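1. Any chance you can model this:
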Amino acid sequence: MNIGEPWPDSDAAWSRVLKIQTKLHQWATDDPKRRFDDLYNLVYDPAFLVLAWERVRGNRGARSAGVDGVAPRSIVFGAADLLAGLGDDLKARRFEPLPVRERMIPKTGGKLRRLGIPTVRDRVVQAALKLVLEPIFEADFKPCSHGFRPGRRAQDAIAEIRHLTSVRYEWVLEGDITACFDEIDHKALMDRVRGRIGDKRVLALVKAFLKAGVLSEDGINRDTDTGTPQGGILSPLLANIALSVLDQHFAEAWQNEMATPIERKRRRSQGLPNYRLVRYADDFVVLIHGTSADAEQLRDEVAGVLVPVGLRLSETKTTIAHIDEGFEFLGFRIQRHRKRGTAKHFVYTYPSKASLRKVMATVKTLCRQGRNEPLSELLRRLNPVLRGWTNYFRHGVSKATFGYLRAYTWARVVNWLRRKHPRANWKWLRRRYLPGWWPSEGEATLFDPGAVGITYARYRGQINDVTPWATGTIG
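-> Numbering: from 1, shown residues only. I've put the predicted structure just below:
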């Protein structure tokens, strides 16, 4: 790389990266057995580094620092020098990733999730590496996988489940993989990466990130013999590569035995089940047109498929349910009910009680803070929470839940106002803070969950290529 040449601006970098990614994706799609042998130069290409830096600095983790103590958001000046130095080190093969900083965050149920926060330099290289690898592996990923993939979202998985459970796939095996990001076998993962990547420099870089180690919260350096640290930019792609063994197993079974209506009818007449997989990262369900005994057999089959990549199903959290009983997936409750006023039954998706309790707890916590601040500051903190939660769940039967959240939030904000002004009467509070009975101050107005419209996500069928390289845009 000639550092003397001017670095591309954002638009030029995006245009060049999109053009190269489109070629890589097309080549990988046209030849499923092709191995790519000359990719390393793209990792330190100026356009890829510029776009990688923009993504690192613009994502939600940009305020968190790794073991270097530097957060990407804090770098205002000197980004060009950072990228130039990275480019030199990568080209000369001097780059070595540092251990990730461990951070434990609470999960539902009182347990903790382990995150690994890389340094700024490592994040930029991971982002550049992902820009190179993702269009190649996207050509192989199956349409049943929806998590951490361009052009796909959780609502697509929910729409597919709703469609399949409405057409007789009534038994549900809800799988839970124990510590997926911590237990992926490195050798098995690298073997799957080598199936597409022949450039030994790229393979060495991927392996270096896997083996970089962890600086724990108690200050102890630990080796990483398995897993890919959750929190790294490259980790979701590597997890999808490992878990694609599950996708391929079910896709091959479908193609070989259940691809046509005649084959599926023949299997049912012989007492054999038909089944489909829907996966979002390490969360998945197997939908079965059969019996509960068939679901039990598939549980053992799934466990056997995961063993070669070092993963195992949780004995307690992997459950089997009928669609009439309902189950929870990605925050939604999915269950078949009788439609009010009719004798017909339909599958409904709506926010689970756990999801509602979680957002209500967040609202409650925020409304217990900052009594000396103006109302506008409280609204500034509340509105992104409410807007993000309702935008996620607007693709379901959520109108009543949104109305409940609206009333709850209104009551919490009013209680905050009464504690802020304990001597003020209701008339004064209403005149100052509640015009039209809705909290506002200056230009800040409380976001109204009840005003969010409901738009159902459309089931797109088994369409695989919804990537930006097929549509001509980059996200």
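2. Counting neighbours, what do you get for E315?
-> Neighbour count for E315, taken as other C-beta atoms under 10 Å: 10. All C-beta atoms are positioned from the backbone trio N, CA, C, and that covers glycine.
3. So it belongs to a helix, correct?
-> No. Under DSSP: H, G, I helix; E, B strand; the rest coil, E315 falls outside any helix and is assigned coil.
4. how about the residue nearest the centre of the chain, what does it touch?
-> Centroid-nearest residue in the chain: F148, 4.5 Å away (criterion: C-alpha atoms, centre = their mean). F148 sits next to P236, L237, A239, N240, A281 when contact means C-beta atoms under 8 Å, 6 or more residues apart in numbering.
5. can I get these in a markdown table with neighbour count?
-> What follows is the contacts of F148, written out as a markdown table (neighbours: other C-beta atoms under 10 Å):
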| residue | neighbour count |
| --- | --- |
| P236 | 20 |
| L237 | 23 |
| A239 | 23 |
| N240 | 21 |
| A281 | 20 |
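6. From L243, how far out is the residue nearest to the centre of the chain?
-> According to C-beta to C-beta, to the nearest Å, F148 and L243 sit 10 Å apart.
7. just for the chain, where's the confidence low?
-> Applying pLDDT under 70 to the chain picks out residues 1-6, 109-110, 463-465, 471-475.
8. Quick one: the strands in the stretch 1-150 of the chain, in order.
-> Along the stretch 1-150 of the chain, counting by DSSP state E, counting those that start in this stretch, strands occupy 100-106, 112-117.
9. If I take the last one and strand 100-106, what angle do their directions form?
-> With axes from the mean of the first three to the mean of the last three C-alpha atoms, to 10 degrees defining the directions, strand 112-117 sits at 150 degrees from strand 100-106.
10. Distance from strand 112-117 to the middle of the chain?
-> From the chain centre to the centre of strand 112-117 is a distance of 15 Å (C-alpha atoms, centre = their mean, to the nearest Å).
11. do the same with the longest one
-> Strand 100-106 has its average C-alpha position 18 Å from the chain's average C-alpha position, going by C-alpha atoms, centre = their mean.
12. Just the residues contacting it, thanks.
-> With contact meaning C-beta under 8 Å, 6+ apart, strand 100-106 is reached by 64-67, 112-118, 122, 212-217, 229, 231-232.
13. how does it look with 10 Å?
-> Residues from elsewhere that reach strand 100-106, judged by C-beta atoms under 10 Å, 6 or more residues apart in numbering: 64-69, 111-119, 122-123, 209, 212-220, 222, 224, 229-232, 235.
14. Using neighbour counts, pick out the buried residues of stretch 237-246.
-> Within stretch 237-246, the residues scored as buried using 16 or more other C-beta atoms under 10 Å are L237, L238, A239, N240, I241, A242, L243, S244, V245, L246.
15. Also stretch 50-66?
-> Those would be 50-57, 61-62, 64-66, for stretch 50-66 by 16+ other C-beta under 10 Å.
16. what does stretch 35-44 give?
-> Applying 16+ other C-beta under 10 Å to stretch 35-44 flags F36, L39, Y40, L42, V43, Y44 as buried.
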